[in-house]
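Chemist: my questions concern the predicted model and sequence given below.
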Amino acid sequence: MNKRYVLITALSATVLLNGCTATRVIDSVPLTVPNDWHHVDTHRAAPIDLKSWWRGFRDPLLNDLITQALAANHDIKIAKARVREAATGVTVAESALYPGIELFTSGGREKTLDRIVGVPGRQGLELMAPTADAVSGGLAARWEVDLFGGRHLEAEAASAQAKGSEEALRAVQVALLAQVATNYLELRGVQKRLGILLENIDVQREQLRALQIFNRAGLAGATDVARREALLHGTEAALPVLSMSAATLIHRLGVLSGKPPENLEKRLVHALEQAPAMPDIPKYLPSTLLLQRPDLRLVQTEVSAAAANLGAVRTDLFPKLVLSASGGLGALAAGGFPSLAESVYTLGSGLSAPIFNAGRIQAHISAADARLAQAAANYEKTFLLALEDVENAFVAHTASVERHKQLSEAETAAVQAYRRTDALYRHGAKDYLSVLDTRHDRLATLDERARAETALYVSIVSLYRAFGGGWTG
């Protein structure tokens with residue numbers, strides 16, 4: 001009898017070690033990966049550090065903000081907790097590969113009815129029997145042998161889900177870095193525009209004052225004065241809007257950094273004297289996205305988990321072998337008699353196979369197959385969205401570069417016009433209003449250029465985000 005159990009155990013272990021997974025499903029999804037981008041040439045591009053891309057702006061305050069955000073941002077904390085939670089799922093799934101051993105004990109008092117004696121003068125019967133104390137305990141083991149790899153596949157699915165939680169953490173980190181940099185650069189752009197706006201208001205007030213003087217001297221009409229006054233009030237109305245935008249951006253940076261907004265206002269309320277540097281743009285090939293973008297890596301883990309789950313469900317069609325063993329000691333003690341003890345052990349095995357289940361197993365298989373199809377389609381869709389994201393970022397960057405270039409040339413022309421008009425005014429060839437008009441035009445062009453410069457900075461951030469910058473494997 002013992003030889004039979006040893007043979008069954010050895011056979012089961014052999015099957016287990018061989019890793020017989022006849023139901024395994026391939027988790028690879030064929031993708032059509034372009035050789036290059038449509039809107040930029042990357043064949044001669046030098047590699048750029050994607051891990052710490054924000055340092056290319058050479059802004060110490062931006063570096064500090066990102067360091068604080070990575071340490072205290074609540075979305076990062078939530079994602080890290082989910083990683084820890086998913087890791088426990090792997091332990092639970094892998095535990096099914098091993099035997100389970102339990103300790104059991106029991107005890108109680110029992111009475112054996114060995115004779116019945118009637119008592120005269122009383123109604124009913126009085127039971128006369130000895131009372132005994134019984135105690136037993138031992139160990140019990142049970143193991144479902146993974147004949148067809150179902151438990152291994154479930155463990156693989158749990159492991160893929162755990163890796164997916166790590167990729168989700170990286171995706172949160174990539175998005176966080178882009179949000180911090182974008183809001184910071186937009187804040188600096190708004191603050192620069194605020195300075196230009198205040199200077200523009202001073203110029204328009206001087207224009208209005210000069211027109212009022214001309215009007216009193218009969219050199220300008222009341223209509224011109226009224227139009228200039230309306231223009232001044234319209235320009236002043238933009239001041240609270242820009243101030244609100246600056247405050248809102250500071251508050252957002254506070255939330256992203258995991259701190260109350262007032263902790264950042266003292267550091268961010270003043271505009272920078274020197275603009276951040278302009279980093280190089282990343283020019284990696286489309287194939288880089290498959291390795292670098294966390295969202296693509298995440299959906300790949302979803303495909304792997306769905307494929308492993310499908311294989312695990314398919315094993316329900318095959319027999320299951322369960323081995324069990326138990327052993328222990330028992331003791332029985334009756335009042336006045338010596339205690340009796342005995343040792344007991346049992347060995348058992350069971351083999352079960354599905355015969356009829358009204359289509360339940362096939363339905364589970366069909367559902368798992370459908371989930372795999374969904375995961376594969378989502379992987380293809382996410383890759384296309386990633387390509388679109390990068391292409392759009394390249395287009396936006398190209399447009400921002402061109403717009404910034406044109407406005408820089410316009411600013412140069414406006415400055416030259418102002419200087420010439422001012423020189424003519426000093427020689428008596430132009431009036432004072434002409435000088436103020438050219439100065440106003442220069443400030444308007446300068447404001448547009450500041451907006452274009454901010455858009456250019458943000459387009460670079462979008463490119464690094466689209467490539468999944470902010471972490472390395």
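Modeler: Structure received. Residues are numbered from 1 along each chain as shown.

Chemist: going by C-alpha atoms from here, please, whenever you check contacts or count neighbours.
Modeler: Fine.

Chemist: report the contact partners of the closest residue to residue 254 other than its chain neighbours.
Modeler: In space, residue 254 comes closest to residue 261 once its chain neighbours are excluded; the distance is 4.5 Å by CA to CA, 6 or more residues apart in numbering. Counting by CA atoms under 8 Å, 6 or more residues apart in numbering, residue 261 makes contact with 250-255.

Chemist: and these as CSV, adding secondary structure?
Modeler: Formatted as CSV, the contacts of residue 261 follow (DSSP: H, G, I helix; E, B strand; the rest coil):
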residue, secondary structure
250, helix
251, helix
252, helix
253, helix
254, helix
255, helix
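
Chemist: most widely separated two among those residues?
Modeler: 250 and 255 (8.8 Å; CA to CA).

Chemist: sorry, back to before: dihedrals phi and psi, the residue nearest to residue 254?
Modeler: Here the main-chain torsion angles of residue 261 (degrees, to the nearest 10) amount to phi -60, psi -30.

Chemist: can you pull the pLDDT of it?
Modeler: Per-residue confidence at residue 261 stands at 75 (pLDDT).

Chemist: name the element the closest residue to residue 432 other than its chain neighbours belongs to?
Modeler: Nearest non-adjacent residue to residue 432, counting by CA to CA, 6+ apart: residue 425, 6.6 Å away. In this assignment (DSSP states H and E), residue 425 forms part of helix 360-426.

Chemist: what's the answer for residue 51, then?
Modeler: Under the criterion of DSSP H and E, residue 51 resides outside all helices and strands.

Chemist: correct me, but it touches residue 472?
Modeler: Yes: contact criterion CA atoms under 8 Å: residue 51 and residue 472 qualify, at 5.7 Å.

Chemist: of these two, give the one with the bigger neighbour count.
Modeler: residue 51 (15 against 12; other CA atoms under 10 Å).

Chemist: what's near enough to touch that one?
Modeler: Here residue 51 is in contact with 469-472 (CA under 8 Å, 6+ apart).

Chemist: circling back: how far off centre is the helix holding residue 425?
Modeler: Centroid displacement of helix 360-426 relative to its chain, using CA atoms, centre = their mean, to the nearest Å, is 20 Å.

Chemist: make sure residue 133 is indeed in a strand.
Modeler: Yes: counting by three-state DSSP, residue 133 falls inside a strand.

Chemist: that one contacts residue 108, correct?
Modeler: Yes: the pair residue 133 / residue 108 is scored as a contact, 5.9 Å apart, by CA under 8 Å.

Chemist: low-scoring stretches of this protein, by residue?
Modeler: 1-21, 42-47, 109-130, 132, 330-342, 473 (pLDDT under 70).

Chemist: ok, which stretches of the stretch 201-350 of the chain are strands?
Modeler: According to DSSP state E, counting those that start in this stretch, the stretch 201-350 of the chain carries its strands in the segments 320-334, 340-352.

Chemist: dump those to JSON lines, plus distance to residue 143 and mean neighbour count.
Modeler: Output for the strands of the stretch 201-350 of the chain, formatted as JSON lines (distance: least, CA to CA, whole Å; neighbours: other CA atoms under 10 Å):
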{"stretch": "strand 320-334", "distance to residue 143": "5", "mean neighbour count": "17"}
{"stretch": "strand 340-352", "distance to residue 143": "9", "mean neighbour count": "12"}
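
Chemist: distance to residue 59 for these - can I get that in TSV?
Modeler: Converted to TSV, the strands of the stretch 201-350 of the chain look like this (distance: least, CA to CA, whole Å):
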stretch	distance to residue 59
strand 320-334	63
strand 340-352	68
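
Chemist: residue 280: which of the ones you listed is closest?
Modeler: Closest among the strands of the stretch 201-350 of the chain, using CA to CA: strand 320-334, at 60.1 Å.

Chemist: still on that earlier bit, which one of the contacts of residue 51 sits closest to residue 266?
Modeler: Residue 266 has its nearest neighbour among those in residue 470, at 27.5 Å by CA to CA.

Chemist: from residue 471, how far out is the nearest residue to that closest one once chain neighbours are set aside?
Modeler: Excluding its sequence neighbours, the residue lying closest to residue 470 (CA to CA, 6+ apart) is residue 51, at 4.4 Å. According to CA to CA, to the nearest Å, residue 51 and residue 471 sit 5 Å apart.

Chemist: for residue 370, see how far away the closest residue to residue 191 other than its chain neighbours is.
Modeler: Nearest non-adjacent residue to residue 191, counting by CA to CA, 6+ apart: residue 271, 5.4 Å away. From residue 271 across to residue 370, the span is 55 Å (CA to CA).

Chemist: these two - which one has more neighbours?
Modeler: With neighbours defined as other CA under 10 Å, residue 271 and residue 370 compare such that residue 271 has more, 17 against 14.

Chemist: return the backbone torsion pair for that one.
Modeler: phi -70, psi 150.

Chemist: list the contacts of it.
Modeler: Residue 271 neighbours (CA under 8 Å, 6+ apart): 188, 191-192.

Chemist: closest one of the residues you listed to residue 451?
Modeler: Each of these was scored against residue 451 by CA to CA, and residue 192 proved nearest at 9.2 Å.

Chemist: thanks a lot, see you next time.
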